[in-house]
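Undergrad: Build me a model:
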Amino acid sequence: MGCGLTGYHGNNQDTPSNEDQSNMSGNLGVPQFPAMSSPQRAGGGKPRNKVALKPGRSLMDWIRLSKSKDLSGTGARILNVTPEELAKHDKEGDAWTAIRGKVYNVTAYVEYHPGGGEELMRAAGKDGTELFNEVHRWVNYESMLESCLVGRLRQTLHVSPNAAAQRRPPQVQTGFLKPPLPATLQLPKAQPLKGPPDRTTDLENTSKTESSGKSASTAHETVTVRASEFVKPPLPANLQLPKAQPLKGPPDRTTDLENTSKTESSGNETVTITSPEFMKPSLPANFQLPKAQPPKGPPNKTTDNTSNMENTNETESPVKSESAAHETVTVYAPQIVHDENETVDSPVVPVPFADWESPRHDWFQSDKYVTIAVYTKRKGLVHENVLLDKNGREFHLRLILGQHQYKVHVELEHDVTDDISVSFGASGSKVEVKLKKATAGRKWTTLGSPLGMNGQFVSVADCERHYRQCVVESREEVTHDTTLFGLRFPPGSRMWVPAGHHVYVRCEVEGVGSVERPYTPVPSSVSPVQSESAQVARCAEGRGLCLMLKVYPQGTLTPVVGRLQPGECLEVSDYDATLALPSLEEFTSVAFVVAGTGFTPVPGLVARLLEREDRHVNVTVVFFNKQERDILWRDQLERLARQQARRLKVVHVLSDPGVEWAGRTGRIRREVVEDVLPAPGPGAMVLVCGPVPFNQAAVEVLRDIGYQDSMYYVF
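TA: Okay, here's the model as predicted:
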């Protein structure tokens, strides 16, 4: 994408040559790469020096080696690695490290590491994610270390031995089926029911036992109600419970009944349950439970009471006598007991949130359509939050919410067409995906079968990169070595890439294997609103995108992609949602300092700023190139600057100008840019994108002018 994302790779042939980079940076004392204060180190971390590698240790040499054999040392088995096991591999000749939950055997890579073996060994035997993000978080380590993958890093959860003792006892809430029951629930001998006869016998999902030898004093019918079935029928509106003897469980378990009203009647305490939640189960009208006797038998009837009263296990042991025939039911609340050293083997799992409630989804249908609705409770969602792929009956929706992702992944019950629409609720908190049934009028009984991670809310950093096969619809030569490709997604795919974000392009390279690189999509022109091409419509509908690609003759990937013609295919990933751009609309002045194909984030971001009528933002573009013929979209930029003269200023700077060039010349220096940049202050933001040496030199200039770290951003 021209923003230095692959600059760390040593002899990477898809980045500008050293001569080109020197021309762009001005060679202002930048002997190291990445530079000592390179802003590409997230959070301004410590610098890493590039060292001279032995012959035969270039990037291409590593690619050939890693593609030729397995370097994991596990026999291609994927292991679950504990932190204790990882710590054992912390020395040269046996070095493992973990990056973002995955463990790699980097023993063979030590000699190929551009920063030197000593730098890499800082992460040996431990989780190196923080060090990795500090130095080069943009690197595609998954592809580079694919053959070194050992497995997943197990997360260890330590639970205090007295955690269960500290847990507060559950309280009865408003629903009859939700709270845990008292420790010992006794059902004494029942009085004759006062309702209609059919109400006393039509008890669904129960088992009954008839008592023979009835007499005036003992005749009765014993009804055994199974706990798992008891929770299903609705309760009557007025269920009365006669006064009972104190239960032997904890006091708060017997008295904390909320949302009830009490009245005294005939010497007994009658509890009239008025909460609608208590009226869901269905027992006969006026069902009364007489005064309970103390339990006469061992607590031999247990129920594992879960939140939904499901998966119950019970044993029946009614205890009867002539004076007080009754059934004793002992209900034990679920206990969670953890071993002090318990470990949880957790691959990618939903992330717990203290302040974010997880979204949920549902579905409904009409004769012609099936609609999937996702309820996020987060306002302002737009199309850029949606990633969608439908392949046959497989439906995969990813909803990007900040640095997290909610997934709907199912095998649909029946076929649907590729006629897919995405809409949002009035506040933007609800997302609806409408699918057209292949067979109109067919009623679905379910949405389908859940697939991997369906309904889970996870960190985007933990998500595998998803690729789709795209078709080249058009190609247009922008300069002598740069081409604009128009790509079309598969019919069932939708993706709207936010301005400034990048995707990954992947294809097979002969003799090397699968190679991928990041590129920033661009609009089909600087002023796409004025264009009515089919590609503009595809991008607006989320059915395609445009990529601007500079071809390096000695490169690995770009010569292959540069030869693609309309009708041929190229794999493109989801956009990288981990990129956190500043909210540019918050500033009054925004400047872009870019070089070469580092220009690619500019068109989309400039268009977004200029289309805002409610907020005036002054925009400046300082565009560094070597020669006039290298300037991308020069005519379009200058035309747009004339149209938006009050808000947009474009300045071209050439390091190797011709004799006819009348504009600015030189390299990135203070005297070249200071007079065209906005004055440093809280209302100003400068964005920098180019080769790594250019970015480093630009930041040094900005700091020298007076810009603080919060006033600039480096792609």
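Undergrad: can we go C-alpha only for contacts and neighbour counts from here?
TA: Fine.
Undergrad: Can you verify residue 135 is assigned to a helix?
TA: Yes - the assignment for residue 135 by DSSP: H, G, I helix; E, B strand; the rest coil puts it in a helix.
Undergrad: How much space separates it from residue 129?
TA: Residue 135 sits 10 Å away from residue 129 when distances are taken as CA to CA, to the nearest Å.
Undergrad: which of these two has more neighbours?
TA: Between residue 135 and residue 129, counted using other CA atoms under 10 Å, the more crowded position is residue 135 (22 against 16).
Undergrad: what is the rounded mean pLDDT of the longest strand seen in the chain?
TA: Criterion DSSP state E: the longest strand present in the chain is strand 467-477. Per-residue pLDDT over strand 467-477 has a mean of 95.
Undergrad: just checking, next helix/strand downstream of that strand?
TA: Beyond strand 467-477 on the C-terminal side, the first helix or strand identified by DSSP states H and E is strand 482-488.
Undergrad: Quickly run through the sheet partners of that next one, with directions.
TA: As defined by DSSP bridges, the strand partners of strand 482-488 come to strand 467-477 (antiparallel), strand 544-550 (antiparallel).
Undergrad: Quick check: which helices or strands does the next helix or strand after it pack against?
TA: Once the chain leaves strand 482-488, the next helix or strand it forms, by DSSP H and E, is strand 493-495. For strand 493-495, the contact count by 3 or more CA pairs under 8 Å, 6 or more residues apart in numbering; DSSP states H and E identifies strand 386-391 as packing neighbours.
Undergrad: who's in contact with the strand it packs on?
TA: When contacts are taken as CA atoms under 8 Å, 6 or more residues apart in numbering, the neighbours of strand 386-391 outside the stretch itself are 395-400, 418, 492-496, 574.
Undergrad: returning to what we had before: which of the strands paired with strand 482-488 sits most buried?
TA: Between the strands paired with strand 482-488, the one whose residues have the most neighbours on average, counting mean count of other CA atoms under 10 Å, is strand 544-550 (a mean of 24).
Undergrad: List of residues touching it?
TA: Taking CA under 8 Å, 6+ apart as the rule, strand 544-550 contacts 1, 481-489, 494-495, 519-524, 535, 538-539, 558, 562, 597, 600.
Undergrad: what packs against the longest helix seen in the chain?
TA: Among all segments of the chain classified by DSSP state H, the helix with the greatest residue count is helix 692-705. Applying 3+ CA pairs under 8 Å, 6+ apart, one finds that helix 692-705 makes contact with helix 18-25, helix 670-673, strand 684-689.
Undergrad: Quickly, which of the ones you listed bottoms out on average pLDDT?
TA: With a mean of 41, helix 18-25 has the lowest mean pLDDT of the helices and strands packed on helix 692-705.
Undergrad: mind saving the C-alpha coords of the helix or strand just after that helix as PDB?
TA: Note on helix 18-25: by DSSP H and E, the next helix or strand toward the C-terminus is helix 59-68. Presented in PDB, the C-alpha positions along helix 59-68 are these (Å, rounded to 0.1, in the frame of the first residue of the first chain):
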ATOM      1  CA  LEU A  59      13.800 -12.500   2.900                       C
ATOM      2  CA  MET A  60      13.600 -14.500  -0.300                       C
ATOM      3  CA  ASP A  61      16.000 -17.100   1.200                       C
ATOM      4  CA  TRP A  62      13.700 -17.400   4.200                       C
ATOM      5  CA  ILE A  63      10.700 -17.800   2.100                       C
ATOM      6  CA  ARG A  64      12.300 -20.600   0.100                       C
ATOM      7  CA  LEU A  65      13.400 -22.300   3.300                       C
ATOM      8  CA  SER A  66      10.100 -22.000   5.100                       C
ATOM      9  CA  LYS A  67       8.100 -23.200   2.000                       C
ATOM     10  CA  SER A  68      10.400 -26.200   1.600                       C
END
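Undergrad: Any buried residues in helix 59-68, and which?
TA: If you call a residue buried by 16 or more other CA atoms under 10 Å, then helix 59-68 has these buried ones: 59, 60, 62, 63, 65, 66, 67.
Undergrad: Same question for stretch 644-653.
TA: Residues of stretch 644-653 classed as buried under the neighbour-count rule (16+ other CA under 10 Å) are 647, 648, 649, 650, 651, 653.
Undergrad: what mean pLDDT does the longest helix of the chain have?
TA: Average pLDDT, helix 692-705: 94.
Undergrad: Over to stretch 571-590?
TA: Per-residue pLDDT values across stretch 571-590 average out to 90.
Undergrad: Identify the residues contacting that stretch?
TA: Contact partners of stretch 571-590, identified using CA under 8 Å, 6+ apart, comprise 387, 400, 402-403, 460-461, 465-470, 495, 497, 500-507, 609, 615-620, 678, 682-687, 713.
Undergrad: Try it again at 7 Å.
TA: Residues external to stretch 571-590 that are found in contact with it (CA atoms under 7 Å, 6 or more residues apart in numbering): 403, 460-461, 465-470, 497, 501-507, 609, 616-620, 678, 683-686.
Undergrad: Which ChimeraX command selects the buried ones in those residues?
TA: Remark: buried members of the contacts of stretch 571-590, expressed as a ChimeraX selection using 16+ other CA under 10 Å:
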select :460,467,468,470,497,501,502,503,504,505,506,507,609,616,617,618,619,620,678,684,685,686
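Undergrad: need the contact list for residue 641.
TA: Remark: with contacts taken as CA under 7 Å, 6+ apart, residue 641 is in contact with 648, 649, 650.
Undergrad: Which strand or helix spans it?
TA: With DSSP H and E as the criterion, the answer for residue 641 is helix 634-643.
Undergrad: Okay, angle between the helix or strand following that helix and helix 634-643 too, please.
TA: Towards the C-terminus, the helix or strand next in line after helix 634-643, according to DSSP H and E, is strand 648-654. Going by axes from the mean of the first three to the mean of the last three CA atoms, to 10 degrees, strand 648-654 is angled at 140 degrees with respect to helix 634-643.
Undergrad: packing partners for strand 648-654?
TA: Judged by 3 or more CA pairs under 7 Å, 6 or more residues apart in numbering; DSSP states H and E, the packing partners of strand 648-654 are strand 618-625, helix 634-643, strand 664-665.
Undergrad: strands paired with that strand, and their directions?
TA: Sheet pairing here is set by DSSP bridges, and for strand 648-654 it gives strand 618-625 (parallel), strand 664-665 (parallel).
Undergrad: Give me the pLDDT value at residue 319.
TA: According to the predicted model, the pLDDT of residue 319 comes to 37.
Undergrad: most tightly surrounded among the strands paired with strand 648-654?
TA: strand 618-625 (a mean of 23).
Undergrad: The stretch 501-650 of the chain: strands as residue ranges?
TA: According to DSSP state E, counting those that start in this stretch, the stretch 501-650 of the chain carries its strands in the segments 503-509, 513-519, 521-522, 544-550, 569-573, 589-595, 618-625, 648-654.
Undergrad: For residue 677, see how far away the nearest residue to residue 670 once chain neighbours are set aside is.
TA: Once flanking residues are discounted, residue 670 sits nearest to residue 701: 5.5 Å by CA to CA, 6 or more residues apart in numbering. From residue 701 over to residue 677 the distance is 11 Å, taken as CA to CA.
Undergrad: Residue 618 too?
TA: In this structure, residue 618 lies at 11 Å from residue 677, with CA to CA as the measure.
Undergrad: Export the helices and strands packed on strand 648-654 to TSV and append columns for distance to residue 125 and mean pLDDT.
TA: Written out in TSV, the entries for those read as follows (distance: least, CA to CA, whole Å; pLDDT from 0 to 100):
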stretch	distance to residue 125	mean pLDDT
strand 618-625	43	96
helix 634-643	51	92
strand 664-665	50	94
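Undergrad: could you dump the ones you listed to CSV with distance to residue 115?
TA: Supplementary listing: the helices and strands packed on strand 648-654 in CSV, determined by distance: least, CA to CA, whole Å:
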stretch, distance to residue 115
strand 618-625, 28
helix 634-643, 38
strand 664-665, 34
